[in-house]
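Q: Turn this into a model:
(one chain, ligands or ions: 1)
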Amino acid sequence: MEIFIRRTANEIGDFAANMIEPFVKQGATLGLATGSTPSPTYQALIRKHREEGLSFADCDAFLLDEYYGIDQHHEQSYWSTIRRELTASIDIDDAAVHSLSSSAADPEQEAATYESMMKDAGGVDIQLLGIGANGHIAFNEPTSSLSSRTRLIDLRPRTIADNARFFDSEDEVPRQAMTQGIGTILEAKKILLIATGAAKAEAVQAMIEGPLSSFCPASSLQMHNDVCILLDEAAASGLGDVEFYKEIDAYWR
Ligand code: GLP
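A: Presented below is the predicted three-dimensional model:
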């Protein structure tokens, strides 16, 4: 794991966008995340599109996950969120932005179809990830198999409570979601995980310095050979070896 610590979420957004840019120029398959964490990265990519002419026309994209049991056009569906946050503001073909259905009658079939679409696209070249306060990645909650594939999953109370801020009340947060599995995510060629804020410090520590455990799904990234973790000071505050990570980073800068 390569660990980079920056002062602010905006600095991290610029850093992440600079890492993603060469992939965009090659017409890569992008793995997109939702949630609040990637917003500064998406803002930076939109700026590059508008001010520097970065074109996404040759890219396609796969979303990590989607709430299950809400209308696709609900403003908090991940289908709507990614359009609002990124894809409506760049020149990617809307038909090339793939997401899991929020209402598939047969979730197993939906999951299998999604996996084969990803395979046909040659797999994800660069996957952007956030992390849940309980260590989840996408919607792979603690105890998810480290080799899990795309599927329907029940959300944990902590995740429902954390995501309630996006809805009018906690009761409105869907109780289930479709998510790429941990095994699916680990097939991405490169992974970029971003965590900001003190609420993520414990999960970040477990992901980087804790044991490989399904109880912290993000610890599965220890098994991947091309992972960059971008943190702000608050998210990095629980790390035991923080000075070492900063030294290595400063050495290579
Ligand atoms: C959600 C998403 C995750 C995201 C996480 C953190 O549950 N399914 O993909 O990484 O929450 O969200 P945020 O970035 O808003 O803290």
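Q: Gly27 touches Ala61, doesn't it?
A: No - between Gly27 and Ala61 there is no contact under Cβ atoms under 8 Å: 11.4 Å. Heads up, the C-betas are built off the backbone N, CA and C, glycines and all.
Q: Which one's more surrounded, these two?
A: More crowded of Gly27 and Ala61, by other Cβ atoms under 10 Å: Ala61, with 22 against 14.
Q: Look up how far Arg50 lies from that one.
A: Distance of Ala61 to Arg50, given as Cβ to Cβ, to the nearest Å: 19 Å.
Q: Also Phe4?
A: 26 Å.
Q: More neighbours: which of those two?
A: Applying other Cβ under 10 Å to Phe4 and Arg50 shows that Phe4 carries more neighbours, namely 22 against 11.
Q: The residue of the stretch 101-250 of the chain found nearest the ligand - how many residues pack around it?
A: The ligand sits closest to Gly130 of the stretch 101-250 of the chain, with a gap of 2.5 Å, by Cβ to the nearest ligand atom. Using other Cβ under 10 Å, Gly130 is surrounded by 20 other residues.
Q: gap between the nearest residue to it once chain neighbours are set aside and the ligand?
A: Among residues not flanking Gly130 along the chain, Thr37 sits closest, at 4.0 Å (Cβ to Cβ, 6 or more residues apart in numbering). To the ligand, Thr37 is 3 Å away according to Cβ to the nearest ligand atom, to the nearest Å.
Q: host element of the residue lying closest to Arg6 once chain neighbours are set aside?
A: Nearest residue to Arg6 in three dimensions, chain neighbours excluded: Ile12, at 5.0 Å (Cβ to Cβ, 6+ apart). For Ile12, the host element (DSSP states H and E) is helix 9-25.
Q: and that helix, what does it pack onto?
A: When contacts are defined as 3 or more Cβ pairs under 8 Å, 6 or more residues apart in numbering; DSSP states H and E, helix 9-25 packs onto strand 2-6, strand 29-32, helix 39-52, strand 126-129, strand 190-195, strand 227-232.
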